[in-house]
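Novice: how would this look folded up:
(2 chains)
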2 protein chains.
Amino acid sequence: MKTEHTWCVIMAGGVGSRFWPMSRSAYPKQFLDFLGLGRTLLQQTYDRFLPLCGKERILVVTNARYAAIVREQLPDLEPWQVLEEPGRRNTAPCVAFANAVIARRDPEAAIIVAPSDHLVLKEEAFLGTLRTALDQAVSADCLVTLGILPSRPDTGYGYIQFAEDGASSHPRVKKVRTFTEKPDHETALRFLESGDFLWNAGIFIWTLKSIDRAMKRHLPALAKAFTDREKDLAGDRFTEAVAAVYAECESESIDYGIMEKADNVYTVAGDFGWSDLGTWGSLYTHLPKDDSGNAAIGSAVKLYGCSGNVVHAHDGRLLVLQGLDDYIVVSTHDALLVCRKRDEQQIKQFVTDLTAESGERYI
Amino acid sequence: MKTEHTWCVIMAGGVGSRFWPMSRSAYPKQFLDFLGLGRTLLQQTYDRFLPLCGKERILVVTNARYAAIVREQLPDLEPWQVLEEPGRRNTAPCVAFANAVIARRDPEAAIIVAPSDHLVLKEEAFLGTLRTALDQAVSADCLVTLGILPSRPDTGYGYIQFAEDGASSHPRVKKVRTFTEKPDHETALRFLESGDFLWNAGIFIWTLKSIDRAMKRHLPALAKAFTDREKDLAGDRFTEAVAAVYAECESESIDYGIMEKADNVYTVAGDFGWSDLGTWGSLYTHLPKDDSGNAAIGSAVKLYGCSGNVVHAHDGRLLVLQGLDDYIVVSTHDALLVCRKRDEQQIKQFVTDLTAESGERYI
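Specialist: Numbers count the residues shown, from 1 in each chain, chains lettered A, B, ... in the order given. Below you'll find the predicted structure:
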C-alpha cells in the first residue's frame, strides 16, 4: 500500500544526552553512525520509510540548530521538507507543525510519525505492521500507536495495555486500554506475564483529519496557535509565524497530551527487531560481540581480561583496556566516559553537572 | 662536604615503558613532570645534586635520541656534560663512559651515580646519607650503594643483605653480604622481619680509582674497549670512538656486572622518603589523594563513585569516570589506558604487543 496520500514525519530534534560524550548537543545521536553501518540513524530511518511513501512525502522536523545537518545528511529532501523548530516543545507541537505543512498539500493525508533514532532489524515485518496500522487508521478514523511484543521485563520502556475483544478483523489490531510509563521491575514482570501488555514504540499512525480533530479537542490552545496563523504559514511569513506559535505554545508530549486522553486509540502489535537505542546498554544488545561479550566500535581498541563492555572509540585514539567488566567506555576528541553499564542512568546527571559547571563546552 | 672532586653522573637513558602511555619512547618518564610540581623528574634530580657538587661537575648520560631534551631541560649544562650513548647497553657501559670523561678532567674524582627518575622527599636526609657514603668511598677505597630502610615487604625492589659486624665507625655504614633481585612476597616478608635487609636504591658512590679497578677486574672487555680508545676519546674523534665502543661492548648492568661480584662493597642505610617511581602504583602512593583515595592529575577529571584510582589526564580532555575502584587511568593525546592497579605489571606486555603490531606508532 504505497499510496499517494501516505506521509512520514520523522522527528529529529532530540539532544540524546544519555549517549554523552558521543552524542553532543551540537551533533546528537540521530546524526551519528552508531552501529558503524555507514549510514546515520536518521539516514537509516529515512531509508526505511522510502518504500512506503517516497521521498516527496517525507518530512523531517528538527531544531533549527540541526537543520543544516539534516539537509546535509538527506540531500534528496526539498527545502520545504525540513521543518525547523525555533525551540524545544516536546512532540505535540512538532506533530502540529507537521500537520500544518501537510494540510496545505494533502488534506487526505495518512501520516506516520516516527523518531529518527530507533533501530529496526526486520524491515519487512516493520513495513507490514505499518501497512496494517495505516489500514486501521484510514478505515476506522482512529489514532494508532505501534506496540512491540515484549521479550523481557524491561523497565526502560513505556507499556500499552490492550483490550482483548476483537477491535478489527486483523488479529494484531487491538484497542488500547491504558498507557503506563516506565514501570518498576515487579510491575514490568507482571505486565510481561499478563500477556496483554506491549512496549510502546512511540511510532504513531493516523490520518490528518483524525489527529487534527484530536488536537482540537485535547490540545485546543496548541491547535488554535496554528489555525490562527494559517495564512501566514501558507505564505512568505512562514518563519515568523512558526516563531510566534512556538513562542506561545507550551511543551507537551503527544503521548500525554493526546494518546492517553483520546478514546479512539488502537495499537498494532509487531515483532520487527526494534530498539529505541535509548541507552548505551540497549545499544550494546544490538552490537556484534567478541567471545567475552565485548562490543567494541573503533579500529584501535585493545582489550585484556575484559568482558561485557561496550566500547566506542569515536576518535582515532588507541584504547588499551584491562580488567573492565560490564562498563561503558566512550572516547571522543575532547572527552572520555567510563561508567558501569548498570549505572548508565547517571550519565544524564553527569551532563547536567557539566552544563552547570562549564556551560556547553563539553556538552 | 662539597668538595671540588665530587661528581655526579645522572643516568637518563631509560624508556619507562611501565608508564605507558604517558611515558613514550620518544619522551620517556624522566622528562615529564609526573607529580605536577613544575619540574620534570630529571630536573628535580639535577636540583637535588647541585648542593653537593655544583653544576660544573654534573654529567647526564642519555641515549642520543634524548640528548636534545636533556639540553633543553638542563640549559645550565655545557655541551660536554651531556653524554650521548649511541645504543642501549644497560648501566655498566654508561658508567664506564662517564668514567672516561671524568678521568681526563679529575683523576681524583669521587662519583655519585644515580638514576634520573627517582623521587626523594627528604632532601637533607638524602644529602646527609650521600655525604656519609662519600666519606666511606674515599676513606675505604670501596664501592658503596645506598640502601633504604624497608617499610613494607615490597616485591618490586631488589634487596641488600648486610653484615652486622661494624664495618666503619659510622653506624649506618655496613658491609654488603648479598644482593637479591625482586623477591616473592614470602621472601620479602622474611627479609623485612630479619632486620638485616635494605632496599637497593640503585644509587652508587665510589672514587674513580675504585670503580676503574673494579671494572678492569670484573668487566675487562668493557674496560679495555674504553682504554683502547683513550686518545680518540680525548680528541676530535670523540663521537666516533664512543660509537666504536658501543658497537663492540655488551649489554650489562652495573649491579650484576660489578656490585654482585666485587668484595669491597658497602651500603649506607638511609631513610629519605625515597621511591624509584617504578610503576603507576608506586607513583600513586606519593600523590595527594581525595577523601576516596583517588589521586588525579589533570584539571578536567570528574569522578563519581570512584575510589583508590590514579588518574592522569595528560592532554586537555575531560575525563568522566564512574564506578572505578583501584584502577590506573591515563589519557594522552593519542592513547588511553585503563588498567587495574594490581595488574600494572601487564603494562609492559601491552607495550610489547603494540610494538609488534604497529611499530612505534603508539609507543
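Novice: Around chain B, pick out the residues from the stretch 251-363 of chain A.
Specialist: With the criterion set to C-beta under 8 Å from any C-beta of the partner chain, the stretch 251-363 of chain A comes near chain B through A:302, A:304-305, A:316-324, A:327, A:329, A:331, A:333-340, A:343, A:346, A:350, A:353-354, A:362. Every C-beta, even on glycine, is put in place using the N, C-alpha and C of the backbone.
Novice: Pull out the buried residues from these.
Specialist: When those are checked for burial by 16 or more other C-beta atoms under 10 Å in any protein chain shown, the buried set is A:302, A:304, A:317-324, A:327, A:329, A:331, A:335-340, A:346, A:350, A:354, A:362.
Novice: can you list the weak-confidence ranges in the stretch 51-200 of chain A?
Specialist: Low-confidence segments of the stretch 51-200 of chain A, defined by pLDDT under 70, span residues A:166-167.
Novice: those helices in it, which residues are they?
Specialist: Listed in chain order, the helices of the stretch 51-200 of chain A (DSSP state H, counting those that start in this stretch) span A:67-73, A:91-103, A:123-140, A:185-194.
Novice: In JSON lines, list those along with distance to residue B:275.
Specialist: Written out in JSON lines, the entries for the helices of the stretch 51-200 of chain A read as follows (distance: least, C-beta to C-beta, whole Å):
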{"stretch": "helix A:67-73", "distance to residue B:275": "51"}
{"stretch": "helix A:91-103", "distance to residue B:275": "59"}
{"stretch": "helix A:123-140", "distance to residue B:275": "61"}
{"stretch": "helix A:185-194", "distance to residue B:275": "49"}
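Novice: Pick the most deeply packed of those helices.
Specialist: When those are scored by mean count of other C-beta atoms under 10 Å in any protein chain shown, the highest mean neighbour count falls to helix A:91-103 (a mean of 23).
Novice: So which residues make contact with that helix?
Specialist: When contacts are defined by C-beta atoms under 8 Å, 6 or more residues apart in numbering or on different chains, helix A:91-103 is touched by residues A:7, A:9, A:11, A:13, A:59, A:61, A:80, A:83, A:85, A:109, A:111, A:113, A:204, A:208, A:211-212, A:215, A:219, A:222-223, A:225-226, A:230, A:233, A:242, A:245-246, A:249, A:251-255, A:257-258.
Novice: likewise stretch A:294-310?
Specialist: Surrounding stretch A:294-310, the residues in contact under the criterion C-beta under 8 Å, 6+ apart are A:34-36, A:280-281, A:283-284, A:287-290, A:292-293, A:311-314, A:316-329, A:331, A:341, B:339, B:343, B:346, B:350, B:353-354.
Novice: Now that stretch: average pLDDT?
Specialist: In this model, stretch A:294-310 has a mean pLDDT of 92.
Novice: How about the most centrally placed residue in chain A, nearest residue that isn't a chain neighbour?
Specialist: Among the residues of chain A, the one closest to the centroid is residue A:115, at 2.5 Å (C-alpha atoms, centre = their mean). Leaving aside its chain neighbours, residue A:115 sits nearest to residue A:11 (5.4 Å; criterion: C-beta to C-beta, 6 or more residues apart in numbering or on different chains).
Novice: What about that neighbour? Give its phi and psi, please.
Specialist: When quoted as degrees, to the nearest 10, the phi and psi of residue A:11 stand at phi -90, psi 120.
Novice: Settle this for me: the residue nearest to the centre of chain A is touching residue A:202, isn't it.
Specialist: Yes: taking C-beta atoms under 8 Å as the contact criterion, residue A:115 and residue A:202 are neighbours in contact, 5.8 Å apart.
Novice: any residues in contact with both of those two?
Specialist: With C-beta under 8 Å, 6+ apart as the test, residue A:115 and residue A:202 both reach residue A:276.
Novice: Tell me the spatial nearest neighbour of residue A:278, not counting adjacent residues.
Specialist: Counting by C-beta to C-beta, 6+ apart, the residue nearest residue A:278 is residue A:156, at 5.8 Å.
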